[in-house]
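S.K.: compute the structure for the input listed below.
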Amino acid sequence: MRDVLVIGGNRYFGKRLVDRLISAGDRVTALNRGSASPPSGAVHLVADRDDEAALNSALGDRTFDVAVDQVCYTPRQAAIARRVFADGRARRYVMTSTVKVYEYEDSLVYEDAVVPVREDAVDPRTVPVALALPWHKPEFRDTHYGEGKRQAEAVFAADGTEFPYTAVRVAHVLGRDDDFTGRLDHYAQRIRTGTPIAVPTENRPATYIHVDEIADFLFWAVGQDFTGPVNAASHGLLTTEELCAAVARHIPDGRTVFQNVDVGEVSPFSFARSYGMDNSRASGLGFTFGHIQEWLPRAVAETLGADAGKGE
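M.R.: Below you'll find the predicted structure:
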């Protein structure tokens, strides 16, 4: 039996992780700002994780085998976490990061070839940290999501007090009927009405993972002792066209129309550069990934459901 702290985790794959931990017999403590209660069986702590004093007070003298941070978006939040959980309060820290840490030009040059990117393409020990940026502003944080995660990893990786951490770089997540992002529905609405779907002129594929698979991965990672960045993605790549074809199968009489754009906003799962991740590190450590083509039809059906063929 392990003592596991989950920070955030009230929705989507976070709540599925909590369910898996409780079902396995782990002692689970869930910490959030009080906006939602965790699943039955978890101890509930309320604190704003941006308030260091409040976080320390809520945790008290509790210690944990593993802390899983589902809502660390900025280097400021990472710096608070590192101070709060140092000196044995958590023996290991697992942060959910993102494929978007790879989106910066100085990180790698994968634009011209579909080459799955390895973890060492972004070494957090070499990433500069800018704590003075306005990370406290939601609009800034939202528009700098990948950079915030990248710098948060850098804070955990920095020299200093020993801090065993793992950064799980999560691929684009699909599946289930509680997907709050609305990204698949974006495509469904346009296919249903024949509205053009904006894609880059050079539209590149990406890696994905099912919501249940990433919950399984995080549950597995809790029981491991490896540290550093690790990519979490199903096998295989998926283009916007393939994703739309899967959506269109659930919309009788729908019409899929693509519109190439060189400048401007594109649809949610359209990318001017490759977002394929190499998952060989995690596979070598013992996790078995599925293939995207095996679960894609199910994921689309789960999210769109019976309403997929209905009008507006």
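
S.K.: all strands for the protein, in order.
M.R.: All strands of the chain, identified by DSSP state E, fall at 3-7, 27-32, 43-46, 66-69, 93-98, 165-170, 172-174, 197-200, 208-210, 228-232, 258-261.

S.K.: nearest to residue 269 among those would be which one?
M.R.: Comparing the strands of the chain against residue 269 with Cβ to Cβ, the closest turns out to be strand 172-174 (6.5 Å). Every C-beta, even on glycine, is put in place using the N, C-alpha and C of the backbone.

S.K.: what's the closest non-adjacent residue to residue 183?
M.R.: Sequence neighbours aside, residue 268 is the residue nearest to residue 183 in space, at 3.9 Å (criterion: Cβ to Cβ, 6 or more residues apart in numbering).

S.K.: equivalent analysis for residue 163, please.
M.R.: With Cβ to Cβ, 6+ apart as the criterion, residue 163 has its nearest non-adjacent residue at 5.6 Å, and that residue is residue 82.

S.K.: ok, now which ones touch the one you found?
M.R.: 155-156, 161, 163 (Cβ atoms under 8 Å, 6 or more residues apart in numbering).

S.K.: one step back: state the distance from the residue nearest to residue 183 to residue 137.
M.R.: Counting by Cβ to Cβ, to the nearest Å, the separation of residue 268 from residue 137 is 23 Å.

S.K.: okay, the two: which has more neighbours?
M.R.: Per other Cβ atoms under 10 Å, whichever of residue 268 and residue 137 has more neighbours is residue 268, with 17 against 11.

S.K.: list just the nearest of the contacts of residue 82 to residue 102.
M.R.: residue 156 (17.5 Å).

S.K.: OK, contacts around that closest one?
M.R.: Residue 156 neighbours (Cβ under 8 Å, 6+ apart): 78, 81-82, 93, 95, 124, 163, 165, 167.

S.K.: what sits against the nearest residue to residue 130 once chain neighbours are set aside?
M.R.: Distances taken as Cβ to Cβ, 6+ apart place residue 151 nearest to residue 130, at 6.8 Å, with adjacent residues excluded. Residue 151 makes contacts with 74-75, 78, 127-130, as judged by Cβ under 8 Å, 6+ apart.

S.K.: adding distance to residue 25, pLDDT and neighbour count, write these out as JSON lines.
M.R.: Output for these, formatted as JSON lines (distance: Cβ to Cβ, whole Å; pLDDT from 0 to 100; neighbours: other Cβ atoms under 10 Å):
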{"residue": "74", "distance to residue 25": "34", "pLDDT": "97", "neighbour count": "24"}
{"residue": "75", "distance to residue 25": "35", "pLDDT": "97", "neighbour count": "27"}
{"residue": "78", "distance to residue 25": "30", "pLDDT": "97", "neighbour count": "28"}
{"residue": "127", "distance to residue 25": "38", "pLDDT": "94", "neighbour count": "21"}
{"residue": "128", "distance to residue 25": "42", "pLDDT": "95", "neighbour count": "8"}
{"residue": "129", "distance to residue 25": "38", "pLDDT": "96", "neighbour count": "18"}
{"residue": "130", "distance to residue 25": "42", "pLDDT": "96", "neighbour count": "10"}
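
S.K.: from those residues, which is closest to residue 53?
M.R.: residue 78 (17.3 Å).

S.K.: that closest one and residue 72 touch, don't they?
M.R.: Yes. Using Cβ atoms under 8 Å, residue 78 is in contact with residue 72, at 5.6 Å.

S.K.: intersection of neighbour lists for these two?
M.R.: Here residue 78 and residue 72 share the contacting residues 95, 152, scored by Cβ under 8 Å, 6+ apart.

S.K.: and the gap between the most far-flung residue of the chain relative to its centre and residue 41?
M.R.: Residue farthest from the centre of the chain, counting by Cα atoms, centre = their mean, is residue 253 at 33.8 Å. Distance of residue 253 to residue 41, given as Cβ to Cβ: 46 Å.

S.K.: just residue 204 next, same as before
M.R.: For residue 204, the distance to residue 41 equals 43 Å [Cβ to Cβ].

S.K.: likewise for residue 67?
M.R.: Relative to residue 41, residue 67 is positioned 18 Å away (Cβ to Cβ).

S.K.: between the two, which one's more packed in?
M.R.: Between residue 67 and residue 41, residue 67 has the larger neighbour count (other Cβ under 10 Å), namely 26 against 15.
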